[in-house]
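A.B. asks: here is the input, now give the coordinates:
(one chain, ligands or ions: 2)
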Amino acid sequence: MGTRTLLIVGVFISLFAFSSCRELNVKVKNKHKQQHQFASYNHTLARILVQYASAVYISDLTELFTWTCSRCGGLTEGFEIIELIVDVQHCLQAFVGVAADLNAIVIAFRGTQETSIQNWVEDLYWKQLDSDYPGVDDAKVHHGFYSAYHNTSLKPGILNAVQEAKELYGDIQIMVTGHSMGGAMAAFCGLDLRLSLGEQNVQVLTFGQPRIGNAAFASYYSQVVPNTIRVTNGHDVVPHLPPYYYYFPQKTYHHFPREVWLYNIGFGSLIYTVEKVCDGSGEDPTCSRSVSGNSISDHLTYYGVHMGCDASSGCKIIMDPRVVGYGKTDQEGNLILSRDPSRSILKLKTDESSSS
Ligand SMILES: *[C@@H]1O[C@H](CO)[C@@H](O)[C@H](O)[C@H]1NC(C)=O
Ligand SMILES: *[C@@H]1O[C@H](CO)[C@@H](O)[C@H](O)[C@H]1NC(C)=O
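C.D. replies: Numbers count the residues shown, from 1 in each chain. Ligands and ions are numbered 1, 2, ... in the order given. Okay, here's the model as predicted:
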């Protein structure tokens, strides 16, 4: 009995020793990274970008391309899409456009379809780190998320649209956003804009994003794209996946910083949402990790905005014949709608199409 208690105490002491050791490491790293100027959280900007991350789910491509969809007003009014990319093969969707009020290029990625979210979450639970991230020692990433950006029609479409926009608008800020798996792709895109195009003004803001790589990757990521905020909501299950195993820091998935955790505190009938800006470790134990990730409904609403498809349409494409002229299709059937950004107001050829 005595021996057993002692053993348990011993285990606890070593756990604490282990954890304080880790804390120390993290603190040293933070000090170093502060020189890279971490992102500061801007509530106003988050409430604007969440609307872009919601709009990219819209399946009616005409309404989306012309920015007339039900989610295309409000804080995003006046946005102009330069390129809308639909990767039919992999059921992915993203757009690039210019927001004059933000003086920025905005890129948004669609997440997983709602109908398949349960299966997707279950798959993520068992997911292992399964790909080396090229060029960085020990960095490993989730192969599916990595290739959704890097090995599809999204990457070339986006890089091309960004270059076109910059020819016209110069060196304006580039803001990359997405929800759920769209957040994972946004992170890989932000990294790619820095590495492939040498872009300096890249800002990434994601909502309900899963983990995408290990600690070595997270550390590399945060040096290359320091201006990154990962918003998590309440008990949203997805930021908890794939799982983080505290005892195996080298073997496990690890978030990059900086998390901002939204949670409610209630006093009777009054409920306040707190927005907690978390530490620079990426895995702040006092943020979303302090609660269990067991909610899909928390995953589907951010800042009161619905994040998911407008129709349970799977990967159905709805397109008006009037915008077909802006589109081109590759051999695999993937679609890109694009227009010359210098023609600042998109005009649908209503007369022509009604007379024909
Ligand atoms: C936050 O973002 C909004 C919208 O881009 C901007 O107008 C405002 O100046 C920003 N605030 C700070 C403190 O940077
Ligand atoms: C890229 O995609 C193609 C076709 O979808 C596939 O055959 C190839 O294995 C993929 N490459 C990687 C590195 O995932």
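A.B. asks: look up which residues are beta-bridged to T273.
C.D. replies: Note on T273: beta-bridge partners N264, judged by DSSP bridges.
A.B. asks: quick one: contacts for it?
C.D. replies: T273 sits next to 262-264 when contact means C-beta atoms under 8 Å, 6 or more residues apart in numbering. (C-beta placed from N, C-alpha, C; glycine too.)
A.B. asks: top of those by neighbour count?
C.D. replies: L262 (20 neighbours; other C-beta atoms under 10 Å).
A.B. asks: Three-state assignment for that one, please.
C.D. replies: strand (DSSP: H, G, I helix; E, B strand; the rest coil).
A.B. asks: this structure: strands as residue ranges?
C.D. replies: Using DSSP state E, the strands of the chain run over 80-87, 92-99, 104-109, 131-132, 140-141, 173-179, 202-207, 228-233, 259-267, 270-277, 301-302, 305-306, 327-329, 335-338.
A.B. asks: show me how far the longest one is from its chain's centre.
C.D. replies: The gap between where strand 259-267 is centred and where its chain is centred comes out at 20 Å by C-alpha atoms, centre = their mean, to the nearest Å.
A.B. asks: for it, which outside residues touch it?
C.D. replies: With C-beta under 8 Å, 6+ apart as the test, strand 259-267 has contacts from 41, 46, 229-234, 239, 271-278, 282, 284, 287-288, 291, 302-303.
A.B. asks: for ligand 1, what are the nearby residues on the stretch 101-250 of the chain?
C.D. replies: Contact residues (C-beta under 6 Å from any ligand atom) of the stretch 101-250 of the chain with ligand 1: L102.
A.B. asks: from the stretch 101-250 of the chain, which residue is nearest to ligand 1?
C.D. replies: Closest contact between the stretch 101-250 of the chain and ligand 1, by C-beta to the nearest ligand atom, is at L102 (5.1 Å).
A.B. asks: any idea how far that residue is from A108?
C.D. replies: Separation of L102 from A108 (C-beta to C-beta, to the nearest Å): 13 Å.
A.B. asks: neighbour count winner among these two?
C.D. replies: A108 (28 against 18).
A.B. asks: check contacts around that one.
C.D. replies: A108 sits in contact with 52-53, 55-56, 94-95, 176-178, 182, 186, where contact means C-beta under 8 Å, 6+ apart.
A.B. asks: likewise for H90?
C.D. replies: H90 makes contact with 148, 152 under the criterion C-beta under 8 Å, 6+ apart.
A.B. asks: pLDDT score for it?
C.D. replies: Confidence at H90, expressed as pLDDT, is 86.
A.B. asks: distance of it from ligand 1?
C.D. replies: 32 Å (C-beta to the nearest ligand atom, to the nearest Å).
A.B. asks: how about D284?
C.D. replies: For D284, the distance to ligand 1 - C-beta to the nearest ligand atom - is 22 Å.
A.B. asks: what is the neighbour count of the closest residue to that residue other than its chain neighbours?
C.D. replies: Closest residue to D284 apart from its sequence neighbours, by C-beta to C-beta, 6 or more residues apart in numbering: C278 at 3.7 Å. Neighbours of C278 under the rule other C-beta under 10 Å: 23.
A.B. asks: same thing with the one 3 residues further on?
C.D. replies: Counted with other C-beta under 10 Å, residues neighbouring S281 total 24.
A.B. asks: got it, and N160?
C.D. replies: Applying other C-beta under 10 Å, we find 16 residues neighbouring N160.
A.B. asks: residues contacting it?
C.D. replies: Residues near N160 by C-beta under 8 Å, 6+ apart: E83.
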